[in-house]
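Peer 1: Sequence and predicted structure, then a few things I'm wondering about:
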Amino acid sequence: MSVEVKTDRSVVIKQSMSQPKQSKLKDFFSVLMLNKAALVGAVIIVFYILIAIFAPLLAPYDPYEIKLENKLMPPSGDHWMGTDDKGRDILSRIIYGSRLSMGVGFAAVFFGAFFGIIFGLVAGYYGKWVDSIIMRMMDVMLAFPGILLALAIISALGPSLINVTIAVGAFSVPLFARIVRGSTLEVKRLEYIDAIRSLGANDVTIIFKHIFPNILSPIIVQGTLRLATAILSAAGLSFLGLGAQPPSPEWGTMLSNGRDFLFSAPYIAIFPGLTISILVLGFNIFGDGLRDAFDPRMKK
């Protein structure tokens, strides 16, 4: 009798794990390809990533080279986006700054997603008092506006790009934790999870091998959308002087430098501002496209 039960449960597991992944992947890309806005967002993101990778080849000048004789030059054939108050080429600084701004954004989201996923999986799987303790901690973090929490962390740690990464990542943790917890609660009630548990699988195997792969969709969507917020927040903190410090070509720092020349040389602030806006827009519309592709029912 026990053999039959084990066989039946093994069949359930095999059937649940042998879903037509290729068909699902094909459907995902077909829905994504139909979303023109998402494709535009993807092109923008890939464009920025390529700029960051090939920055030394693309930048026409040294972003740190000071030439006071060329200071505050308007856009021209020699300097497409003009020069700043120290004669540095703005285009070159924006190109190199893409490495810093995008690097901070990706690192902050990875930091927030890593801890948020761990907390969410543990809270959702074990429930009871473990769930209560973890989620009350997340509620306390959510009680503070994200930027204020980041300011508090940086005030304690000191201004630097690394500390900005930690601060921006910290207020992403509860967002990922709540999404992962909700998805884990849903998946752990499925029949094949009970079958796997009855066959002797331990908690770590169940959580990371059978639950986690089935909740990746909302994590990917949330991560893409959080990248836009992380880059914008990091730039805002650098603008306030709490992130990258001069002469770093980080976009927020360039904006901060350009605010003193809004009337005499507005291009110093306009071009970094446009660069941030376009990239944030790209992540947002691509994230919306991913959400529609993963769950077509949400598409209106």
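Peer 2: Now that the structure is in, tell me what you want to look at.
Peer 1: hey, let's count contacts and neighbours off CA atoms from now on
Peer 2: OK.
Peer 1: for the chain, which helix is longest?
Peer 2: helix 90-126 (DSSP state H).
Peer 1: helices or strands up against it?
Peer 2: On a contact count with 3 or more Cα pairs under 8 Å, 6 or more residues apart in numbering; DSSP states H and E, helix 90-126 meets helix 36-53, helix 55-58, helix 128-142, helix 161-170, helix 173-187, helix 216-239, helix 251-258, helix 267-294.
Peer 1: And for whichever helix or strand comes after the third one, what's in contact with it?
Peer 2: Past helix 128-142, further along toward the C-terminus, the next helix or strand under DSSP states H and E is helix 146-157. Where contact means Cα atoms under 8 Å, 6 or more residues apart in numbering, the residues beyond helix 146-157 that reach it are 141, 163-164, 167-168, 170-171, 233, 237, 242.
Peer 1: What residues sit buried inside helix 146-157?
Peer 2: 146-147, 149-151, 153-154 (16 or more other Cα atoms under 10 Å).
Peer 1: how far does that helix sit from the chain's center?
Peer 2: 19 Å (Cα atoms, centre = their mean, to the nearest Å).
Peer 1: tell me the angle that helix makes with helix 161-170.
Peer 2: Between helix 146-157 and helix 161-170, the angle comes out at 140 degrees (axes from the mean of the first three to the mean of the last three Cα atoms, to 10 degrees).
Peer 1: State the mean pLDDT of helix 146-157.
Peer 2: Per-residue pLDDT values across helix 146-157 average out to 84.
Peer 1: Kindly report the same for stretch 245-261.
Peer 2: The model assigns stretch 245-261 a mean pLDDT of 90.
Peer 1: likewise stretch 41-61?
Peer 2: 94.
Peer 1: Tabulate the CA atom coordinates of it in PDB.
Peer 2: Output of stretch 41-61 as PDB, limited to C-alpha atoms (Å, rounded to 0.1, in the frame of the first residue of the first chain):
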ATOM      1  CA  GLY A  41      12.500  50.100 -23.000                       C
ATOM      2  CA  ALA A  42      14.700  47.100 -23.700                       C
ATOM      3  CA  VAL A  43      16.500  48.900 -26.500                       C
ATOM      4  CA  ILE A  44      17.200  51.900 -24.100                       C
ATOM      5  CA  ILE A  45      18.500  49.600 -21.400                       C
ATOM      6  CA  VAL A  46      20.800  47.600 -23.800                       C
ATOM      7  CA  PHE A  47      22.000  50.900 -25.200                       C
ATOM      8  CA  TYR A  48      23.000  52.200 -21.800                       C
ATOM      9  CA  ILE A  49      24.600  48.900 -20.900                       C
ATOM     10  CA  LEU A  50      26.700  49.000 -24.000                       C
ATOM     11  CA  ILE A  51      27.800  52.500 -23.300                       C
ATOM     12  CA  ALA A  52      28.900  51.500 -19.800                       C
ATOM     13  CA  ILE A  53      30.800  48.500 -21.100                       C
ATOM     14  CA  PHE A  54      32.600  50.400 -23.900                       C
ATOM     15  CA  ALA A  55      33.000  53.700 -22.100                       C
ATOM     16  CA  PRO A  56      36.800  53.900 -22.700                       C
ATOM     17  CA  LEU A  57      36.300  53.500 -26.500                       C
ATOM     18  CA  LEU A  58      33.300  55.800 -26.700                       C
ATOM     19  CA  ALA A  59      34.400  58.800 -24.600                       C
ATOM     20  CA  PRO A  60      36.200  61.400 -26.700                       C
ATOM     21  CA  TYR A  61      38.100  62.900 -23.800                       C
END
